[in-house]
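K.L.:
Give me coordinates for this.
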Amino acid sequence: MSGGKGAKVVPLLRRPCPVCGKAPVTEYRPFCSKRCADVDLGNWLDGGYRIPTNDVPDDFDPEGGSAED
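P.N.:
Residues are numbered from 1 along each chain as shown. Take a look at the predicted model:
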């Protein structure tokens, strides 16, 4: 980045922890603690964050069998 006269410094927004709402800590940003960071990771890993859809998976079989049968 260049430090020219026209350069504009944009401050980072201080948003609350997305898990519990407390003030974030720099070490765990955007979270307030390792616990909240781990809770968020767990939500990603177990599918807690997903977008609901009415789309049917390509391998869906309404008869109950697998697509490989």
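K.L.:
so where is this structure shaky, pLDDT-wise?
P.N.:
For the chain, the stretches with pLDDT under 70 are 1-4, 10, 12, 64-69.
K.L.:
can you give me the strands in it?
P.N.:
With DSSP state E, there are no strands along the chain.
K.L.:
Now do the helices in it.
P.N.:
With DSSP state H, the ranges of helices along the chain come out as 34-45.
K.L.:
separation between R14 and V25?
P.N.:
R14 sits 12 Å away from V25, going by CB to CB, to the nearest Å. All C-beta atoms are positioned from the backbone trio N, CA, C, and that covers glycine.
K.L.:
Between these two, tell me which one has more neighbours.
P.N.:
V25 (15 against 9; other CB atoms under 10 Å).
K.L.:
who's in contact with the more buried one?
P.N.:
31-33 (CB atoms under 8 Å, 6 or more residues apart in numbering).
K.L.:
now swap in Y28 and tell me
P.N.:
Shown in contact with Y28 (CB under 8 Å, 6+ apart): 34, 36-37.
K.L.:
Most neighbours out of the residues you listed, which is it?
P.N.:
C36 (20 neighbours).
K.L.:
Apart from its chain neighbours, what residue comes closest to that one?
P.N.:
V19 (4.0 Å; CB to CB, 6 or more residues apart in numbering).
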